[in-house]
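Trainee: Fold the following, please.
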Amino acid sequence: MSAIVITGGAGGIGRAIARRATEAGWRPVTLDLREPEDALPNEAFFRCDFADAGQARAVLAEAVAKHAPTRLVNNVGIVRPALLEDTSIEDLAAVMDVNLRSAVLAAQALLPTMRDAGFGRIVNIASRAALGKELRTAYAASKAGLIGLTRTWALELAAQGITVNAIGPGPIATDLFRRANPDNSPKTRAIIEGVPVKRLGTPEDIAHAASYLLDDRSGFVTGQTLYVCGGLTVGLAPA
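Mentor: Purely as a prediction, here's the structure:
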């Protein structure tokens, strides 16, 4: 059974991708700080703190040795919202370590197995915030960095049968989002009104996009960023 590593796969977008992977017949190899609440058939779970580079490297090596995965979704991430003047160097470093360094470590760990197979799929979960968003100095920089990695790796690995793409989610109705934005609050309604399709995205929307990029048949698509944002990144100009 083909294995897929999903970092931050215990909840939200990562969990939806793990479920979709199971439907596709792949074994989800989930790396996260906490164990998923719903166990999936044939799932392998590894507890991992991506803020700790040494631990992450060791856990990734163990996961690769046991399951020889040829697919990878770099989804783990943290947010430290702040205005520019309030963004500490410590917060910037923490966000970069988890959001960006983890992707490098995971890709490096899986690369030998992908090369041996002559096949690989890497999907980096970026964000619409990479295009700019208030209070997101560290987060936006890290997600823009993921897009840069995507384009660079796509060029380096294309001849080896390995594709690398990114997904840029817009506002997604995860548990974390709903805790900060209750369903009936004016702030939430304003967010929805700003999305051309007039709804929030769901983790399943992102999983559907990821499943396309992870598919065997998507070998002619690489180096791309797919914004799954309900049209938010298109931009609306007043008449």
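Trainee: mind listing what the longest strand along the chain pairs with, with the direction of each?
Mentor: When the chain is parsed with DSSP state E, its longest strand is strand 162-169. Paired strands of strand 162-169, with direction, are strand 120-125 (parallel), strand 225-228 (parallel) (DSSP bridges).
Trainee: Return the distance of the last one from the chain's centre.
Mentor: It stands for strand 225-228. Relative to its chain's centre, strand 225-228 lies at 12 Å (CA atoms, centre = their mean, to the nearest Å).
Trainee: Could you give me the buried positions within that strand?
Mentor: 225-228 (16 or more other CB atoms under 10 Å). In this view, the C-beta of every residue, glycine as well, is placed from N, C-alpha and C.
Trainee: Going along the chain, name the strands of the protein.
Mentor: 3-7, 27-32, 44-47, 71-74, 120-125, 162-169, 225-228.
Trainee: winner for burial among those strands?
Mentor: Among the strands of the chain, strand 71-74 has the highest mean neighbour count (mean count of other CB atoms under 10 Å), at a mean of 29.
Trainee: re the thing from before, out of the strands paired with strand 162-169, which gets nearest to residue 211?
Mentor: Proximity to residue 211 (CB to CB) singles out strand 120-125 among the strands paired with strand 162-169, at 9.4 Å.
Trainee: residues contacting the residue lying closest to residue 99 once chain neighbours are set aside?
Mentor: Leaving aside its sequence neighbours, residue 99 sits nearest to residue 142 (CB to CB, 6 or more residues apart in numbering; 3.7 Å). When contacts are counted by CB atoms under 8 Å, 6 or more residues apart in numbering, residue 142 touches 77, 95-96, 99-100.
Trainee: Please convert these to JSON lines, extending it with distance to residue 71.
Mentor: Shown next, in JSON lines, are these (distance: CB to CB, whole Å):
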{"residue": "77", "distance to residue 71": "19"}
{"residue": "95", "distance to residue 71": "25"}
{"residue": "96", "distance to residue 71": "25"}
{"residue": "99", "distance to residue 71": "20"}
{"residue": "100", "distance to residue 71": "20"}
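Trainee: Next, format those residues as CSV and append pLDDT.
Mentor: Shown next, in CSV, are the contacts of residue 142 (pLDDT from 0 to 100):
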residue, pLDDT
77, 96
95, 98
96, 98
99, 97
100, 98
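Trainee: filter those to the buried ones?
Mentor: For the contacts of residue 142, buried by 16+ other CB under 10 Å: 77, 95-96, 99-100.
Trainee: so which pair among those is furthest apart in space?
Mentor: 77 and 96 (10.9 Å).
Trainee: Can you list the buried residues in the lowest-mean-pLDDT helix or strand in the chain?
Mentor: Across the helices and strands of the chain, mean pLDDT, DSSP states H and E gives its lowest value to helix 175-180, namely a mean of 78. The neighbour-count criterion (16+ other CB under 10 Å) identifies no buried residues in helix 175-180.
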